[in-house]
Structure formats: C-alpha cells, structure tokens
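>>> Just the structure for this:
(one chain, ligands or ions: 1)
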Amino acid sequence: MISGQVDGMSTSRTAVVVGALGVIGRYIVERLTGEAGWSVIGLSRRSEADRPGYRHLAVDLLDADAISSHGAALSGVTHIFYAAFQASSGAAAGYASNIAPNRDMLVNAVSGIARTSLQLERVVLVTGTKYYGSHLGPYRTPARETDPRHMPPNYYFDQIDWLTEFQKGKMWDWVELRPQTLCGFAPGTAMSILPAIAVYAAVSKELGLPLRFPGKPGAYSSIYQVTESSHFANAAAWAATEPRCGLQAFNITNGDYFRWRNLWPKIADVFEMPAGDPQTISLVQHMADKADLWRHMTKKYRLQAFDFDKLVAWPFADYVFGCDWDVMSDVTKSRRFGFHDVIDSEDMFCRLLRRFREERVVP
Ligand SMILES: NC(=O)c1ccc[n+]([C@@H]2O[C@H](COP(=O)([O-])OP(=O)(O)OC[C@H]3O[C@@H](n4cnc5c(N)ncnc54)[C@H](OP(=O)(O)O)[C@@H]3O)[C@@H](O)[C@H]2O)c1
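Numbering: from 1, shown residues only. Okay, here's the model as predicted:
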C-alpha cells in the first residue's frame, strides 16, 4: 500500500487501531473512517472485511514478528490508537494483574510500527480508572491524573513505563487516556456492561421476574461513572491531534456521575417491566444455565443469533455491580485542554438499551 492511501484515496493521516474489534477499537475505527483525512488500518487476531477507507490485518500481537511480516502495509502510519487487551480467567477485578500479554502486545505493536513508519506522530494509549486502584476497593475520589498509583501489579503501569522509556529521543509522542466502563457493543469483549444489563433484563422478564439489581446493596447507592464508546472515540480523535496533549494523561468519562438506584427504574421502563428491590446474586453462577433459554428466546423473538458466551461476559457484570464504593474520575484536565463533550449517562443507558431492542439483540 502506498503510504497515506487506502483505496487510492489521498489522505493526510494514517491511523492504526490496535484491537480494532474491541468495545473501544470498533468505535475509534468508526469515528476515524467517518472523517475525511484519515485512512485507517485495524489490527486484531480475528479477520474483518475491508471497506472504503479501512483495511483490516489479522495478526497475533503476541508474535513478535507479526508487525514486520506486514511491514509494507504499515509503512506510512502517523497515529497509533492502542486498545488491545487480554483478560485473565476468573474475577474481572484481577484482569489488571495480567501483565505479560498486555505488556508484550503493546511492545510488539508500537516498536514494530515505529520501525516501519518514520512519519509516526503520536501513540494514543488506552488505560483506565484501574490506574487509581478503582478495582481494589475505596480509593481517593474524584481521582485526578496526578494521583499516585496503587500498589502494583497493574499492567497499565508496565505499559506506561515501557512507552515512556521507548519514546525518549523519538520524533513522535504519546498520550494516555483513562476511561471507565465503556458502553458500546462488541461481541466477544470481556468488559462490557450494556449487553449484560440487556440480557439480564430480558431473561428476568422471560422468567416473569421483576428487574432486580443483582449487585451489592452498597453498589446500588454508590456513585458510579461510565464512558460511552462513541464519546470515547471522539476524545481519542481529539487527543491524537491536539498538539498540547503530547506526553499527558487524561481521565475520559461521560463527564457526569450517577447512582444505579436512580437509574434502575428507568432501565426497567425501557424493558416494560417492573423494577424490584436489589437481590445480590452472582451473575456468573446464575446465568451459567441460561444458554438454552437464550437459544429458545432467540428463535421465539427472532433475535440476532449470538453465541451466549460471546454476547455477555458475566464476570465483568459481577465486578461492576459489586463496586460498593464511589467510582469517580475528575475530568477537569481534559476540559481545560479543550475536550468539552459531555454525555448524560442516564439518557445514554436508556437510548442504547432501546437500540439493542430495536436491533433485535434482545427482545
Ligand atoms: N471495556 C471497558 O469497560 C474498559 C474500561 C476502562 C479501560 N479499559 C481498557 O481499555 C483497553 C482495551 O480494552 P477493551 O475493553 O476495549 O478490550 P476488548 O473489547 O476485549 O478488545 C480487545 C481487542 O484486542 C484484540 N486482541 C486481543 N488479543 C490480541 C492479540 N494477541 N493480537 C491482536 N489483537 C488482540 C481483540 O481482538 P481479537 O480477539 O480478534 O484478537 C480486540 O479487538 C484495556 O487496557 C482495558 O483495560 C476498558
């Protein structure tokens, strides 16, 4: 491929989205391909069809030679958006300890592309609120970018430290973005709350149950925050191109806070069912026998056919609904640097869950 060109279209920027099929990567691809001036290359192990302005390369980034074998295709890259991720087995609060693959994929992707692309301008590294230890228990809130790290291990620290060292003396720079609980749709992702809520609500309704909050009573009342995936993609596009963002970290959330207690009845309304009192259950355990029911519901309601295991990652839902402490990031810094978009999170949940119903992901 000629540098800076996809399908013969002349462009000034070429982005590589690493982890292009994830709940973040998909939305960055969509955001950039929707804007003139970008050509976009996506990387992930699974394949995906090319389309105008977009080329997908199926690579396993744990293979240190994966990038060099695609050297020609990756020779004119100006921006890397790094959103690849590998979960570990077990509880989602433990994902941050999964150091080796998450460090190695970043090292292989960035060092490989930097070697082949002399025009590289910026690397956008996606980390998250777990930087502050939000997965461990109560922590200082609202969290600010200058707050100290928690006691390692946390693969974000390994990624940031490696990138900081590797960038020294180079012509390009980096920016680190810290979102919280992405709200989008990416089948197969390990961390996505929306499909978990949608499927849990649909199964509850099918069984004639009210929509009970399945988490801890403290989580029902605590302050929480989320980041709509499309909103995050806007922030990533901004951070990639705003000169002042170089070598800076930014919290990126919807910019507001909410309590499940206030939101839950509105979610029940979206599914036209009564809200019930909280009842703490493990969704991992209580959804383990619901795959047959979901197959039956898929036929009965003519839903899109998804593998139950790919549609929802229940360990993440248990994790989110188990946070009985405030989860709050301060987004003043990104506002001061020029990113002013905000999303009303309660409206967002209702809007996106309604869309799930309209698009027959759930009844
Ligand atoms: N999701 C959230 O709520 C959330 C919240 C805050 C922070 N974050 C952070 O954001 C980052 C991205 O997470 P995410 O939730 O967007 O992940 P995700 O939805 O699971 O997506 C991960 C992407 O990485 C790709 N990938 C995994 N292993 C690969 C490999 N060996 N080679 C090439 N590609 C590989 C996956 O595609 P294939 O499977 O096809 O390879 C997929 O495209 C993580 O550091 C995460 O901690 C996420």
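
>>> what's stretch 345-363 in contact with?
183, 185, 194-195, 197-199, 201-202, 205-206, 225-226, 228, 254, 256-258, 262-263, 266-267, 269-271, 297, 300-304, 306, 311 (C-beta atoms under 8 Å, 6 or more residues apart in numbering). Placement of C-beta: from N, CA and C, glycine included.

>>> Please produce a PyMOL select command covering the buried subset of those residues.
The buried residues among those can be selected in PyMOL (16 or more other C-beta atoms under 10 Å) with this line:
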select buried, resi 183+185+194+195+197+198+199+201+202+205+206+225+226+228+254+257+258+263+267+270+271+297+303+306+311
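
>>> Could you list which of the contacts of stretch 345-363 belong to helices?
Counting by DSSP state H, the part of the contacts of stretch 345-363 found in helices is 194-195, 197-199, 201-202, 205-206, 262-263, 266-267, 269-270, 297, 300, 311.

>>> I figured Q279 was touching P214, is that so?
Yes. Using C-beta atoms under 8 Å, Q279 is in contact with P214, at 6.8 Å.

>>> who's more crowded, these two?
Legend: neighbour count by other C-beta atoms under 10 Å for Q279 and P214, higher for P214 (24 against 12).

>>> ok, for that one, nearest residue in space, not its chain neighbours?
Excluding the flanking residues, the one nearest P214 by C-beta to C-beta, 6 or more residues apart in numbering is I281, at 5.0 Å.

>>> Could you check how far that neighbour is from G322?
To G322, I281 is 11 Å away according to C-beta to C-beta, to the nearest Å.

>>> The two: who's more crowded?
G322 (18 against 15).

>>> pLDDT score assigned to that one?
With respect to pLDDT, G322 scores 98.

>>> The one 3 residues further on now?
The predicted local confidence for W325 comes out at a pLDDT of 98.

>>> Check G71 too.
Note for G71: predicted pLDDT of 85.

>>> right, and it touches I113 too?
No. Here G71 does not reach I113: they are 9.5 Å apart, not a contact under C-beta under 8 Å.

>>> Between the two, which has more neighbouring residues?
Regarding G71 and I113, a neighbour count based on other C-beta under 10 Å identifies I113 as having more, with 23 against 13.

>>> So that one lies in a strand, does it not?
No. Counting by DSSP: H, G, I helix; E, B strand; the rest coil, I113 is not part of a strand but helix.

>>> Quick check: the gap between F166 and I41.
21 Å.

>>> Among these two, which residue is more densely surrounded?
Set F166 next to I41 and count neighbours by other C-beta under 10 Å: I41 wins out with 25 against 16.

>>> Give me every residue in the chain lying close to the ligand.
Within the chain, the positions near the ligand by C-beta under 6 Å from any ligand atom are 19-25, 43-46, 59-62, 83-86, 105, 126, 128, 179-182, 186, 189-192.

>>> Out of those residues, which end up buried?
When the residues of the chain next to the ligand are checked for burial by 16+ other C-beta under 10 Å, the buried set is 19-25, 43-44, 59, 61, 83-86, 105, 126, 128, 179-182, 186, 189-192.

>>> got the contact list for the residue in the stretch 51-200 of the chain positioned nearest to the ligand?
Per C-beta to the nearest ligand atom, G128 is where the stretch 51-200 of the chain lies closest to the ligand, at 2.6 Å. By C-beta under 8 Å, 6+ apart, the contact list for G128 reads 156, 178-180.

>>> ditto for I160
Shown in contact with I160 (C-beta under 8 Å, 6+ apart): 125, 127, 176, 249.

>>> again with P315
Contacts for P315 (C-beta under 8 Å, 6+ apart) come out as 90-92, 190, 284.

>>> burial of the residue of the stretch 251-363 of the chain found nearest the ligand, as a residue count?
The nearest approach of the stretch 251-363 of the chain to the ligand comes at F316, 7.3 Å away (C-beta to the nearest ligand atom). Neighbour count of F316, defined by other C-beta under 10 Å: 24.

>>> and what of the one 10 residues further on?
Under the neighbour criterion other C-beta under 10 Å, D326 is assigned a count of 19.

>>> host element of it?
Counting by DSSP states H and E, there is no helix or strand that carries D326.

>>> so what's the closest residue to it other than its chain neighbours up against?
What sits nearest to D326 in space, not counting adjacent residues and going by C-beta to C-beta, 6+ apart, is I223, at 4.3 Å. Residues in contact with I223, defined by C-beta under 8 Å, 6+ apart, are 141, 257-259, 326-328.

>>> Try it again at 6 Å.
Listed by C-beta atoms under 6 Å, 6 or more residues apart in numbering, the contact set of I223 reads 257, 326, 328.

>>> How many neighbouring residues does L283 have?
Around L283 there are 24 residues (other C-beta under 10 Å).

>>> And the one 3 residues further on, by the same measure?
Other residues within reach of H286 by the criterion other C-beta under 10 Å amount to 14.

>>> and stretch 226-234, C-alpha only, in CSV?
In CSV, the C-alpha atoms belonging to stretch 226-234 read as follows (Å, rounded to 0.1, in the frame of the first residue of the first chain):
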residue,chain,number,x,y,z
VAL,A,226,-19.2,5.3,32.6
THR,A,227,-17.9,6.2,29.2
GLU,A,228,-20.0,5.8,26.0
SER,A,229,-17.7,4.2,23.4
SER,A,230,-18.6,6.7,20.7
HIS,A,231,-17.9,9.6,23.1
PHE,A,232,-14.5,8.0,24.0
ALA,A,233,-13.7,7.7,20.3
ASN,A,234,-14.3,11.4,19.9
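
>>> So the residue nearest to V270 when sequence neighbours are not counted versus A235, what's the distance?
Spatial nearest neighbour of V270, excluding adjacent residues (C-beta to C-beta, 6+ apart): L353 at 4.8 Å. The gap separating L353 from A235 is 23 Å, by C-beta to C-beta.
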